[in-house]
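# here is a sequence with its predicted model. Questions after.
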Amino acid sequence: MRLDRIIQALLPHDEQFFVLFDKLTKIIVEAAETLRTLPSQGKNEREATVTKIQELENKADSITHVIYTELNKTFVTPFDREDVHLLASTLDDVVDYIDGTAKRFHMYKIKKNSADIQRLTEIIYQSALEIQRGVILIADMRRADELHSILQKINQYENDADSIFDHAIAELFEHETDAIELIKIKEVLVNLETTTDKCEDVANVLETLFIKNA
Amino acid sequence: MRLDRIIQALLPHDEQFFVLFDKLTKIIVEAAETLRTLPSQGKNEREATVTKIQELENKADSITHVIYTELNKTFVTPFDREDVHLLASTLDDVVDYIDGTAKRFHMYKIKKNSADIQRLTEIIYQSALEIQRGVILIADMRRADELHSILQKINQYENDADSIFDHAIAELFEHETDAIELIKIKEVLVNLETTTDKCEDVANVLETLFIKNA
Amino acid sequence: MRLDRIIQALLPHDEQFFVLFDKLTKIIVEAAETLRTLPSQGKNEREATVTKIQELENKADSITHVIYTELNKTFVTPFDREDVHLLASTLDDVVDYIDGTAKRFHMYKIKKNSADIQRLTEIIYQSALEIQRGVILIADMRRADELHSILQKINQYENDADSIFDHAIAELFEHETDAIELIKIKEVLVNLETTTDKCEDVANVLETLFIKNA
């Protein structure tokens, strides 16, 4: 019997969820931190970075899958089953989009590291940190004020990302005359912006959890 | 205590939902009506139009958020909680896509006002009117025949939009030789067509509500 | 009274679902089989092929709609209502994406039949066959081992499709210098790859059904 199976068997069901969600948010933070280093890297470093993010994405997939399976087997959950499912799937989406962005960055051999791209990866990293803080709080529903300020930050980050995205796209269509280059950069920008949307989705699920269980 | 809070406290819970949904559909109609004027406008008028639609989108966001919050707090709802949630989110999606279309129209400095684009905005406006009529009917489940004819119209509009979209895309790839221009117009067309898909999603939720509560 | 109405009235409710899902998966297999013939066809044959797939898509839409309606009216279902709804909608998505791929192939007058495109259509066909096998098994929950091996295959197909897609996109951006041609082929590839994602979604729903009802 593997150690994690033993721990799992000993923990009450509620604890299991918190442990799994904690693992998932750690991966999000690590993936976001890694993504942030990508734009300024040279061609040779990038391959290792993209591989690392892909491995994190695989790990996140496995954990999400365990949550789904446990959720279907376990009769007592600390929260509504659908909310736990939704929290897991939105957290998994964040990692998926970080991975998708990194993959495109590498595949399209994006040369330019614009200030806008760098700022978007920074916002994603900050959002990931807030997500980690927010998810920890679901174990203690009395800290609603703390959660409220975390959710506000995530929403603000998403708004900031929207403005940066709009600016970057306007700039791109203004100055880029090579259509294929434009397609590549646009797709990277769309993926970065969608990642912050996914972070906001997590914030919305956390809010629902708190309102229902306050 | 603000007036709307007092009204809210006095109204039975069912009424609150109807009032909020009524507000939401009024915004959809106004946004769609505004979008319809956009293609034929000159550069200077467009900015104000796009700003107006964005404000409507913000308002719709707030109302949707209030519906979600009320839904999680209120124990008695006239309908299944998930259906009310789904109705709010699909209505919100319609406004989001109208806003996304307007934004791209402006950002990409689309010059051409093709007959196809004009017809798609007209279809969206007609669908918005039917959505408004349909949502009013959820307060009175005895009017199933009336709803049925509304839903048929929305579905027909979506089919019409599909044909116009296919025609416009075929035309675009046939005649447009500037790849960047093609990318811009294609994205506006996709957003217009997706808006009618979102209207159809609303129709599907309304149908579900009626079948369950007839 | 039409014959299918009589049969429906006589069958117990559980059976109705199995009959409808069986019809739906037969359409998926036929649509996937037809899609597989498309890339190697000449211009004249293609039109008939695309029309055939569109007719299958319309049929799938009608059956899905009947499942939704029955689901809302019927009080006793063999499974959780939401799971049945989700199974129907994910199956319908598979047909939608097959249809979307075929439509683009025709509309964009794609000339090239690359080995990658051909392999992706082959993978979709194989996934469709596994989906059909898997859906039949939901009538007999004792055959979990059999289902498990089917789901593994569908997941493996999706992974294979991902690798082929990445290879095809890298190749495309490496060699295609005509931006408009690149846009067309990229969109066909994205649609093919998304079709395998939708097949994996079906596998996930089937897994949930089995875990809950084992």
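Good, I have the coordinates.

# could you use CA atoms for every contact and neighbour count after this?
Fine.

# any idea how far the residue nearest in space to the middle of chain A lies from A:Y125?
Residue closest to the average C-alpha location in chain A (Cα atoms, centre = their mean): A:V94, at 2.8 Å. In this view, A:V94 and A:Y125 are 11 Å apart by Cα to Cα, to the nearest Å.

# centre of the chain to the strand or helix carrying A:A60, how far?
Element membership for A:A60 (DSSP states H and E) is helix A:43-73. How far helix A:43-73 lies from its chain's middle: 11 Å, per Cα atoms, centre = their mean, to the nearest Å.

# name the next helix or strand downstream of the helix or strand of chain A at the bottom of the mean pLDDT ranking, please.
Lowest mean confidence among the helices and strands of chain A (mean pLDDT, DSSP states H and E): helix A:3-10, at a mean of 55. Remark: after helix A:3-10, the chain's next helix or strand is helix A:13-37, criterion DSSP H and E.

# in that following helix, what's buried?
For helix A:13-37, burial by neighbour count (16 or more other Cα atoms under 10 Å in any protein chain shown) applies to A:13, A:16-18, A:20-21, A:23-36.

# show me the contact partners of stretch A:88-99.
If you take Cα atoms under 8 Å, 6 or more residues apart in numbering or on different chains as the criterion, stretch A:88-99 is touched by A:21, A:24-25, A:27-28, A:31-32, A:35, A:50, A:53-54, A:56-57, A:60-61, A:64, A:67-68, A:191-192, A:194-196, A:198-199, A:201-202.

# and the pLDDT for A:K212?
Listed pLDDT for A:K212 reads 79.

# er, A:D166 actually
Looking at A:D166, its pLDDT reads 93.

# give me the element it is part of.
Per DSSP H and E, A:D166 falls inside helix A:144-175.

# same for that helix, what does it pack against?
Helices and strands touching helix A:144-175, by 3 or more Cα pairs under 8 Å, 6 or more residues apart in numbering or on different chains; DSSP states H and E, are helix A:115-137, helix A:179-213.

# which of those helices sits closest to chain B?
Among the helices and strands packed on helix A:144-175, helix A:179-213 comes nearest to chain B, with 5.6 Å by Cα to the nearest Cα.

# any residues of chain A in contact with chain C? List them.
Residues of chain A lying close to chain C by Cα under 8 Å from any Cα of the partner chain are A:T69, A:N72, A:K73, A:M107, A:Y108, A:A179, A:I180.

# what about 6 Å?
By the rule Cα under 6 Å from any Cα of the partner chain, the part of chain A lying against chain C is A:N72, A:I180.

# distance from the chain centre to stretch A:173-190, please.
Its chain's average C-alpha position is 24 Å from that of stretch A:173-190, according to Cα atoms, centre = their mean.

# can you list contacts of that stretch?
For stretch A:173-190, contacts defined as Cα atoms under 6 Å, 6 or more residues apart in numbering or on different chains pick out A:T101, B:I180, C:A179.

# kindly recompute the last result at 8 Å.
A:101, A:104-105, A:108, A:110, A:117, A:165, A:168-169, A:172, B:108, B:179-180, C:173, C:177, C:179.

# then stretch A:37-56?
A:27, A:31, A:34-35, A:95, A:98-99, A:102-103, A:105-106, A:109, A:113, A:117-118.

# of those, buried ones?
For those, a burial check counting by 16+ other Cα under 10 Å picks out A:27, A:31, A:34-35, A:95, A:98-99, A:102-103, A:105-106, A:109, A:117-118.

# still on that earlier bit, tell me the one among the contacts of stretch A:37-56 nearest to chain B.
A:I117 (18.8 Å).

# ok, and the closest non-adjacent residue to that closest one?
Spatially, and ignoring its direct neighbours in sequence, A:I117 is nearest to A:L189 (7.0 Å; Cα to Cα, 6 or more residues apart in numbering or on different chains).

# so what's the residue count around that neighbour?
21 (other Cα atoms under 10 Å in any protein chain shown).

# look up how far A:T37 lies from it.
Separation of A:L189 from A:T37 (Cα to Cα) stands at 16 Å.

# thinking again about what came up before, which SSE is immediately downstream of the helix holding A:A60?
Using DSSP H and E, the helix or strand that follows helix A:43-73 in sequence is helix A:81-107.

# that following helix to helix C:144-175, inter-axis angle?
Interaxial angle, helix A:81-107 versus helix C:144-175 (axes from the mean of the first three to the mean of the last three Cα atoms, to 10 degrees): 30 degrees.

# which residue sits farthest out from the middle of chain A?
By Cα atoms, centre = their mean, chain A has its most distant residue from the centre at A:T177, 32.8 Å.

# tell me the pLDDT at A:T69?
Looking at A:T69, its pLDDT is 84.

# swap in A:H106?
pLDDT, A:H106: 89.

# so what's it up against?
Taking Cα under 8 Å, 6+ apart, we find A:H106 in contact with A:R46, A:E47, A:V50.

# could you do A:E33 as well?
A:Y125.

# now it: how far from C:V205?
Distance from A:E33 to C:V205, by Cα to Cα: 33 Å.

# and A:S114, by the same measure?
According to Cα to Cα, A:S114 and C:V205 sit 41 Å apart.

# give me the more crowded residue out of those two.
A side-by-side neighbour count of A:S114 and C:V205, using other Cα under 10 Å, places C:V205 first with 18 against 11.

# so that one touches C:D80, yeah?
No: counting by Cα atoms under 8 Å, C:V205 sits too far from C:D80 to count as a contact (11.6 Å).

# mind listing what A:L192 touches?
If you count contacts by Cα under 8 Å, 6+ apart, A:L192 has them with A:Y97, A:I98, A:T101, A:I117, A:L120, A:T121, A:I124.

# what's the farthest-apart pair in these?
Across the contacts of A:L192, no pair lies farther apart than A:Y97 and A:I117, at 14.7 Å, counting by Cα to Cα.

# measure stretch A:70-83 end to end?
One end of stretch A:70-83 sits 14 Å from the other (Cα to Cα).

# now that stretch: buried residues?
Judged by neighbour count using 16+ other Cα under 10 Å, the buried positions of stretch A:70-83 are A:E70, A:L71, A:N72, A:R81.

# which one of these sits closest to chain B?
A:R81 (13.4 Å).

# now the closest one: closest residue in space, sequence neighbours ignored.
A:L71 (6.8 Å).

# measure the one you found to C:A144 for me?
18 Å.

# and what of A:L35?
The gap separating A:L35 from C:A144 is 40 Å, by Cα to Cα.

# same check, this time on A:E158
Remark: distance between A:E158 and C:A144 (Cα to Cα) = 43 Å.

# A:D140 now?
Distance from A:D140 to C:A144, by Cα to Cα: 38 Å.

# which of these two has more neighbours?
The neighbour comparison of A:D140 against C:A144 (other Cα under 10 Å) goes to C:A144, with 16 against 11.

# count residues in the vicinity of the nearest residue to that one once chain neighbours are set aside, would you?
Closest residue to C:A144 apart from its sequence neighbours, by Cα to Cα, 6+ apart: C:F210 at 7.2 Å. Number of residues near C:F210 (other Cα under 10 Å) recorded here: 21.

# now do the contacts for C:F210.
By Cα under 8 Å, 6+ apart, C:F210 lies in contact with C:I138, C:M141, C:A144.

# and A:E122, by the same measure?
For A:E122, the contacting residues are A:R36, by Cα under 8 Å, 6+ apart.

# pLDDT wise, what is it at?
A:E122 is assigned 98 on the pLDDT scale.

# and it, how far from chain C?
Distance, A:E122 to chain C, using Cα to the nearest Cα, to the nearest Å: 27 Å.

# what of A:A115?
Applying Cα to the nearest Cα, one obtains 25 Å for the distance of A:A115 from chain C.

# same deal with A:L35?
Going from A:L35 to chain C by Cα to the nearest Cα gives 20 Å.
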